[in-house]
Structure formats: structure tokens, C-alpha cells
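Colleague: here is a sequence with its predicted model. Questions after.
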Amino acid sequence: MQVHVMLFANLKQRAGRGELSLELTEPATVRSAATALTDRLDGIDLKGVMCAVNERFADPATPLSEGDTVAFLPPVSGG
Amino acid sequence: MASQRASAPPDILEVTYEVLDVQRLVDELTEPACGAVATFLGSVRSPNHGKTVDYIDYQGYDSMIVSEMRRLVEELRARYDIVRVAIVHRLGRLAPAELSLAIVVSSAHRRPALDACQEALELVKSRLPVWKYEVGPDAAGFVPGRAEAGPTL
């Protein structure tokens, strides 16, 4: 199944882009998306990164469905 | 109370790439029933930790910022007797002394407005998906952030 991935801050800089699609084998979770992303992007380091599914903070164990948007969010510094 | 809330004007929860119009927010939230309107404004600081800052590039996940603002305002409403809330975060390139954040909270009395405004600021800083890329004469980089909003990989 396919999910939409969004990257921000240093992850976006490192990847050279902020969005991509990932093909995952089912059943998929946020963690399996992270593993697939690391493979796809040459070992990009996701340690310490938070995750969101469809604009909501999510645990790495969260199951994914076809068409979900998974965002990888480095520690935030708004304000 | 619930029926009043249903008919009340909505909160103002926005991301903008323009100069923050604080007066618009204050005017919008100042109502006859509100004797208190508390405001917090955040601006770009230089020097920061002893280093001169030329500018900050604010980056964000725009749509999730607004989704998360809605959730944190729900939490504030459950804890404080407040009437309306405005939270506007500016993104893009900002120079020192430019405003990056405005929080306005109105309520009947001062204490809930002040307390909810302060709490909103803490939630904004810990939860909104926003990142600062700080640039100075000698160095540039992402400002170290907080990872309290959710579990990490």
C-alpha cells in the first residue's frame, strides 16, 4: 500500500525534498514506514524524531492505512 | 453556556507569512462580556545565547499547526473559564524585533485570561510543528527543539 510522507527541518534538508510516496507491505506501522524511509534515503537518521499520522502526533506502533499522511517531525522550536 | 458558545464567534487559529496584525486580534476578541483581554507577543531575539542573529527562517507543517492549535484550545477551554482565543504563528524569514507569535485570550475576569494565555504559550512552544533556522554572521543552524509532544523513534 502507498502512504504519503512529509519531512521537515533538518530531515527535509538532508533528504533534499519535503514530500515523497512510500510503498509499504501490509500490515504497516509508523515504524515500518520509518524503516522503509531509512532504506530509501540512504540511512537518514530518524532517532529522536516524533511522528504524526494525518496531522496528529502518533506512536511508532500506530497502524497505517492506504493513503495516510505520515510526517516525521524533529524536535520542535516554535514561538 | 453551551448554547452561547455554539453561537459565539469562532477562535482565530492561523499560520501567516505576513506581518502580524495584533490590533485585529485584540479588536476581534474584545467583547462586552469580556472584562479581560490577555496578550502575549513573541519576537525574534538578538543576540540569542550571546550570538548575533541576522534573521530566522521559520518553517512549519502549516496544516498540522492549525489542527494542533484547535486541540490545544480545546484543552484550555476544559481548564479555564475563557471566552475566545486567538493564536497566530508567523512563518518565513523574520528579522530581530519582528513578531513571530501572537496569543490573545479573552475572559470575563483577568485571572483565567492571564493563566490561559501563559498555558497556551507553553503548549505552543512544546507542541506546534514549527522549526527555527537561525542565521548569524558566523553560524547558521536549526535551533535545538523539544520532543515532548509525542513518542520518538
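Modeller: Cool, got the structure. From a predicted model like this one, the values you see are computed outputs, not experimental measurements.
Colleague: partner residues bridging A:L64?
Modeller: A:A28 (DSSP bridges).
Colleague: ok, the residue nearest to B:A116 when sequence neighbours are not counted to B:A36 distance?
Modeller: Among residues not flanking B:A116 along the chain, B:Y80 sits closest, at 4.1 Å (C-beta to C-beta, 6 or more residues apart in numbering or on different chains). For every residue, glycine as well, the C-beta is placed using N, CA and C. Using C-beta to C-beta, to the nearest Å, one gets 11 Å for the distance from B:Y80 to B:A36.
Colleague: then B:R111?
Modeller: 8 Å.
Colleague: list residues touching both of the two?
Modeller: Taking C-beta atoms under 8 Å, 6 or more residues apart in numbering or on different chains as the contact rule, B:R111 and B:A36 touch no residue in common.
Colleague: return the residues of chain A in contact with chain B.
Modeller: For chain A, the contact set with chain B under C-beta under 8 Å from any C-beta of the partner chain comprises A:6, A:8-10, A:12, A:31, A:34, A:46-52, A:55-60, A:71-79.
Colleague: among the residues you listed, which ones are in helices?
Modeller: A:9-10, A:12, A:31, A:34 (DSSP state H).
Colleague: contacts only, for the closest residue to A:D68 other than its chain neighbours.
Modeller: Using C-beta to C-beta, 6+ apart and skipping the chain neighbours, the partner closest in space to A:D68 is A:V3 (4.9 Å). A:V3 makes contact with A:21-22, A:24, A:28, A:33, A:64, A:66-70 under the criterion C-beta under 8 Å, 6+ apart.
Colleague: got a pLDDT number for B:K125?
Modeller: Note for B:K125: predicted pLDDT of 98.
Colleague: so which helix or strand takes in it?
Modeller: helix B:110-127 (DSSP states H and E).
Colleague: right, and the helix or strand after that helix?
Modeller: strand B:130-135.
Colleague: tell me the strands beside that next one, with direction?
Modeller: strand B:55-60 (antiparallel), strand B:140-142 (antiparallel).
Colleague: circling back to that earlier point, so for B:R111 and B:A36, which residue has more residues nearby?
Modeller: More crowded of B:R111 and B:A36, by other C-beta atoms under 10 Å in any protein chain shown: B:A36, with 18 against 13.
Colleague: residues touching the more buried one, list them.
Modeller: B:106-110, B:112-114 are the contacts of B:A36 under C-beta under 8 Å, 6+ apart.
Colleague: any idea how far it lies from B:D27?
Modeller: Taking C-beta to C-beta, one finds B:A36 at 15 Å from B:D27.
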